[in-house]
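J.: can you look at this prediction? I've put the sequence above it.
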Amino acid sequence: MPSLSPCTWQMLCLEKMRINGYRLSLILSITLSLLFKFSIAAAPPPFSCDQSNPSTNSLPFCNTKLPIAARVKDLLSRLTLDEKVQQLVNAAAAVPRLNISAYEWWSEALHGVSQHGKGVNFQGQIKSATMFPQIILTAASFDPNLWYRIAQAIGEESRAVFNAGQGKGMTYWAPNINIFRDPRWGRGQETPGEDPTVAGKYAVAYVRGIQGDSFEGGKLDKDSHLQASACCKHFTAHDLDNWNGITRYKFDAKVSKQDLAETYQPPFKACVEDGDASGIMCAYNRVNGVPTCADYNLLTETARKQWGFNGYIASDCDAVEIIYDQQGYAKEPEDAVADVLKAGMDVNCGSYLAKYTKSAVAKKKVSQVDIDRALANLFSIRMRLGLFNGDITKLQYGNLNSSHVCSQNHLDLALEAARSGIVLLKNDDNLLPFSKAKTKSVAVIGPNGNNSDTFLGNYEGPPCKNITIPQALEKYYGISTKYHQGCNSIECTSALTNETLNIAKEADYVVLVMGLSQTLEREKHDRVDLGLPGNQENIITSVAKVAKRPVVLLLLCGGPVDVSFAKKNPKIGSILWAGYPGEAGGVAIAQTLFGDHNPGGKLPVTWYPKDFIKVPMTNMRMRPDPSTGYPGRTYRFYNGPKVYEFGYGLSYSNYSYKFVSVRPKLKDAFVKKSGSSHSISVSELSCKSLAVSAKVRVTNHGKMAGKHPVLFFVRSKKVGSRNPTKRLVGFKSVGLRAGESEKIEFVVNPCEHLSYADEDGLMVIEKGDLYFVVGDKERPFNVLF
């Protein structure tokens with residue numbers, strides 16, 4: 001079907017106005033509108049090196065038989081300075097004379113192909129995408145294979161959208177692997193939680209999945225064709241958006257070498273070294289006075305030279321501009337341009353480099369060598385995506401189309417992911433699951449109870465399907481379900497009504513759906529307290545008091561909330577945390593309530609009490625400080641009271657653990673060359689020869705099959721402020737039928753898993769008594785040298 005230009009469209013509309021009869025006019029208008037929309041949706045995906053174009057098809061940079069480095073070198077030699085400058089921003093301009101298409105670097109795919117960013121539209125044949133759970137809930141499954149499969153699905157859908165002509169780029173700015181250091185952070189929901197090991201393993205699984213690598217890695221090399229490009233963000237020590245008037249744009253994170261090495265950097269190191277990510281995003285904030293996008297030591301010395309990063313580095317949006325405008329780090333715009341290009345940044349999300357790079361060259365602050373270095377990284381990625389190989393639909397991944405978006409396989413995976421992450425926090429007297437045979441009515445009460453939009457979290461796209469909790473209960477279980485909002489909004493500023501109480505009195509069971517939403521925690525908005533908002537707590541306790549049986553409290557939120565009152569209240573029999581569970585959340589919750597799913601998720605963050613807000617959010621220190629009363633942060637160092645611990649989660653089944661064997665003994669593996677010391681540097685050890693195998697038997701003693709994450713920790717016998725109190729060594733998710741056992745092996749590398757950073761950021765192992773810990777079982781061992 002031929003495309004209709006805007007001019008032709010206008011002429012046809014004018015002609016339509018001359019036709020007598022309203023009905024014919026309306027029919028023609030609708031028909032032409034549909035034709036016009038179809039012509040837009042049917043536009044081919046953008047690509048360069050069209051083989052049918054005789055003026056460019058013989059150019060070396062279009063020759064797919066040459067190495068990418070040689071092709072890029074040839075391409076750069078043909079560009080003018082003006083053309084080069086226009087490639088340094090997210091909306092990279094076309095170069096028609098060389099048959100180079102325009103390209104948009106900014107697309108988002110945090111937990112599904114997103115409507116945010118500028119690279120994707122849902123106005124054509126594809127109008128939605130599979131929305132998986134927000135990352136904090138996905139992390140609660142502690143299942144890297146699940147994480148990988150989700151990323152695979154996102155990669156397929158992203159490529160299908162592009163092939164359908166509804167994308168302008170294939171670089172997706174995800175995952176967010178910053179440490180969820182402070183429970184108030186509005187974007188903590190986007191992350192895998194507070195543990196560096198979990199964040200690192202999540203990064204690797206996501207990157208491999210979306211880019212088209214195998215689960216084990218190694219399938220792709222530096223020139224391999226990418227399904228899509230992942231970008232690990234925000235590099236580094238970025239976990240404050242807007243707290244007490246302090247914004248991410250001006251915040252200077254004071255971070256010790258010790259905390260950088262041990263907490264903030266490991267997820268990015270894993271993302272690069274193990275995941276082989278093709279992108280990194282530097283953050284808005286400064287670290288120890290230096291803007292991250294202008295930090296040569298961070299971007300070049302660390303990421304590229306130490307870790308071997310082979311990809312592009314993008315700024316967060318307008319992060320270059322704020323280096324001059326808000327932070328005052330640069331004296332003039334051209335200095336900001338010079339700072340970031342010389343540091344190793346490649347592309348500016350924004351327009352600053354397009355405006356000031358040429359004048360920076362004129363002022364001799366930037367050379368063409370600096371520009372070419374950046375462009376080499378950018379064009380290399382575009383070539384790896386196949387965008388300089390001719391018609392994209394005839395290449396690898398060219399078969400992915402609209403049938404691969406919202407497919408049944410992906411919808412089933414979204415449901416599996418939502419189910420796998422749900423955490424059972426309390427279940428007195430086995431209130432859950434409800435009996436299918438005996439339950440006749442359920443009351444769903446709360447501002448989150450009938451709103452499927454809340455399930456999606458942020459950086460969402462239009463979901464394939466929508467189903468609320470009441471709809472799921474009625475559709476799948478035929479339960480008479482009454483819903484009442486309970487209060488006027490998630491902020492819950494209205495008073496409790498008799499109508500709410502009467503509905504609660506009449507139902508067999510009551511499910512209170514409370515928590516937070518994107519109005520209370522999001523990008524640019526950190527929380528100022530840790531309790532439930534407004535009158536939610538009062539409504540929960542009042543409804544629980546009049547209900548026939550103890551009630552279920554279901555929490556939808558990304559960050560933790562202090563629900564100590566509910567934990568202690570016998571009238572609140574069960575508490576479930578479901579994060580933001582994605583488009584399948586309503587079904588997953590209904591299945592959990594009625595026992596078609598046995599919950600097995602574990603908390604990926606510590607849940608702190610309300611008075612934790614006394615700790616300044618700006619304090620980046622991880623270890624406690626006894627001299628000031630500072631309690632430290634995350635389960636590895638925090639020494640204060642907790643509402644729920646990292647890794648906590650119940651099940652409808654009981655599981656037991658037993659150490660089967662630990663070999664070899666560590667004391668036989670450590671031999672120091674000379675002298676005596678309390679600790680030994682990792683650099684002095686032959687790490688590969690020191691692996692320890694720990695085998696654990698896990699048994700399901702319940703009456704239901706269950707998927708169960710097994711978390712393997714090491715803890716020190718000494719408790720103090722110097723070393724981590726406890727740290728996660730590894731984790732595996734295992735499916736067990738009722739009464740079934742399985743033996744699981746954890747391989748411990750002492751250099752990686754038993755070391756900690758000293759004050760200089762160097763990794764050392766300390767001698768002394770340690771314990772391997774799984775559940776309630778411990779296995780002692782000594783580190784001797």
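T.: Nice, I can see it.

J.: just the pLDDT at the closest residue to Asp391 other than its chain neighbours, thanks.
T.: Spatial nearest neighbour of Asp391, chain neighbours left out: Phe47 (6.4 Å); criterion: Cβ to Cβ, 6 or more residues apart in numbering. (Each C-beta comes from the backbone N, C-alpha and C, glycine too.) On pLDDT, Phe47 comes in at 92.

J.: and if you look at the one 5 residues further on?
T.: Listed pLDDT for Ser52 reads 85.

J.: give me the phi and psi for it.
T.: phi -90, psi 0 (degrees, to the nearest 10).

J.: from Gly398, how far out is it?
T.: Noted for Ser52: a distance of 16 Å to Gly398, by Cβ to Cβ, to the nearest Å.

J.: and Gly117, by the same measure?
T.: Distance from Gly117 to Gly398, counting by Cβ to Cβ: 23 Å.

J.: same check on Tyr264?
T.: Going from Tyr264 to Gly398 by Cβ to Cβ gives 40 Å.

J.: of the two, who's got more company?
T.: A direct count of neighbours by other Cβ atoms under 10 Å for Tyr264 and Gly398 places Tyr264 higher, at 25 against 14.

J.: does that one touch Ile179 like I think?
T.: Yes. Applying Cβ atoms under 8 Å, one finds Tyr264 in contact with Ile179, separated by 6.2 Å.

J.: mutual contacts of these two, please.
T.: Jointly contacting Tyr264 and Ile179 under the rule Cβ atoms under 8 Å, 6 or more residues apart in numbering are Pro196.

J.: give the contact list for Glu83.
T.: Counting by Cβ under 8 Å, 6+ apart, Glu83 has contacts Ala93, Val95.

J.: hang on, it in a strand?
T.: No. Per DSSP: H, G, I helix; E, B strand; the rest coil, Glu83 lies outside any strand segment and is helix.

J.: for this protein, name the helix or strand with the lowest mean pLDDT.
T.: helix 6-18 (a mean of 35; mean pLDDT, DSSP states H and E).

J.: for Thr699, which non-adjacent residue is closest in space?
T.: Ser741 (4.2 Å).

J.: tell me who's in contact with that neighbour.
T.: Neighbours of Ser741 in contact, by Cβ under 8 Å, 6+ apart: Arg697, Val698, Thr699, Asn700.

J.: how does it look with 10 Å?
T.: Tyr655, Ser656, Lys658, Arg697, Val698, Thr699, Asn700, His701, Val734 (Cβ atoms under 10 Å, 6 or more residues apart in numbering).

J.: out of those residues, which one sits closest to Tyr206?
T.: Distances from Tyr206 to those, taken as Cβ to Cβ, are shortest for Val734 (21.8 Å).

J.: wait, that closest one touches Glu745, no?
T.: No. In this structure, Val734 is not within contact of Glu745 by Cβ atoms under 10 Å, at 11.5 Å.

J.: ok, Lys703 - how many residues close by?
T.: For Lys703, using other Cβ under 10 Å, the count is 11.

J.: and the helices in the stretch 451-600 of the chain, which stretches?
T.: With DSSP state H, counting those that start in this stretch applied, the stretch 451-600 of the chain shows helices at 469-477, 498-506, 536-546, 564-568, 585-593, listed in chain order.

J.: and the third one, how far out from the chain's middle?
T.: Same thing as helix 536-546. 34 Å (Cα atoms, centre = their mean, to the nearest Å).

J.: CA-only coordinates of it in CSV, if you can.
T.: This file holds the C-alpha atoms of helix 536-546, laid out as CSV (Å, rounded to 0.1, in the frame of the first residue of the first chain):
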residue,chain,number,x,y,z
GLN,A,536,-4.0,3.6,56.1
GLU,A,537,-2.8,2.1,59.4
ASN,A,538,-6.0,3.2,61.2
ILE,A,539,-8.2,1.7,58.5
ILE,A,540,-6.3,-1.6,58.6
THR,A,541,-6.6,-1.9,62.4
SER,A,542,-10.3,-0.8,62.4
VAL,A,543,-11.3,-3.2,59.6
ALA,A,544,-9.3,-6.0,61.3
LYS,A,545,-11.2,-5.4,64.5
VAL,A,546,-14.7,-6.0,63.0
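
J.: report all helices and strands that it contacts.
T.: Secondary-structure packing of helix 536-546 (3 or more Cβ pairs under 10 Å, 6 or more residues apart in numbering; DSSP states H and E): strand 441-445, helix 498-506, strand 509-515, strand 551-556, helix 564-568, strand 572-577.

J.: tell me where the stretch 251-400 of the chain is predicted with low confidence.
T.: For the stretch 251-400 of the chain, applying pLDDT under 70 flags no range at all.

J.: ditto for the chain
T.: 1-42, 665-677, 720-721, 785.

J.: the same query, at a cut-off of 50, please.
T.: 1-41, 667-669, 671-675 (pLDDT under 50).

J.: buried residues, stretch 397-415. List them.
T.: Tyr397, Leu400, Ser402, His404, Val405, Cys406, Ser407, His410, Leu411, Leu413, Ala414, Leu415 (16 or more other Cβ atoms under 10 Å).

J.: the residues you listed into JSON lines, with extra columns for distance to Ala69?
T.: JSON lines is the format used below for the buried residues of stretch 397-415 (distance: Cβ to Cβ, whole Å):
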{"residue": "Tyr397", "distance to Ala69": "23"}
{"residue": "Leu400", "distance to Ala69": "28"}
{"residue": "Ser402", "distance to Ala69": "36"}
{"residue": "His404", "distance to Ala69": "32"}
{"residue": "Val405", "distance to Ala69": "34"}
{"residue": "Cys406", "distance to Ala69": "39"}
{"residue": "Ser407", "distance to Ala69": "37"}
{"residue": "His410", "distance to Ala69": "36"}
{"residue": "Leu411", "distance to Ala69": "42"}
{"residue": "Leu413", "distance to Ala69": "37"}
{"residue": "Ala414", "distance to Ala69": "40"}
{"residue": "Leu415", "distance to Ala69": "44"}
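
J.: from these, which is closest to Pro626?
T.: Ala414 (46.5 Å).

J.: looking at this, that closest one is in a strand?
T.: No. Applying three-state DSSP, one finds Ala414 to be helix, outside a strand.

J.: correct me, but it touches Gly585?
T.: Yes. Ala414 is within contact range of Gly585, at 8.9 Å (criterion: Cβ under 10 Å).

J.: quick check, Pro54 in a helix?
T.: No. Assigned with three-state DSSP, Pro54 falls outside any helix and is coil.

J.: that one: neighbouring residues, count only.
T.: A total of 8 residues lie near Pro54 under the criterion other Cβ under 10 Å.

J.: so how far is Cys62 from it?
T.: Taking Cβ to Cβ as the measure, Pro54 falls 12 Å from Cys62.

J.: can you check Tyr652 too?
T.: Taking Cβ to Cβ, one finds Tyr652 at 60 Å from Cys62.

J.: between those two, which one's more packed in?
T.: For Tyr652 versus Cys62, neighbours defined as other Cβ under 10 Å are more numerous around Cys62 (23 against 20).

J.: would you agree the residue nearest to Asp391 is in contact with Asn99?
T.: Yes. If you go by Cβ under 10 Å, Phe47 and Asn99 touch, sitting 9.5 Å apart.

J.: for stretch 517-533, buried residues please.
T.: Result for stretch 517-533 [16+ other Cβ under 10 Å]: buried residues 517-518, 520-523, 525-527, 530-533.

J.: adding distance to Thr468, write those residues out as a markdown table.
T.: Output for the buried residues of stretch 517-533, formatted as a markdown table (distance: Cβ to Cβ, whole Å):
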| residue | distance to Thr468 |
| --- | --- |
| Ser517 | 14 |
| Gln518 | 17 |
| Leu520 | 20 |
| Glu521 | 21 |
| Arg522 | 22 |
| Glu523 | 25 |
| His525 | 25 |
| Asp526 | 29 |
| Arg527 | 25 |
| Leu530 | 27 |
| Gly531 | 26 |
| Leu532 | 21 |
| Pro533 | 21 |
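
J.: which one of those residues is nearest to Val198?
T.: Glu521 (20.2 Å).
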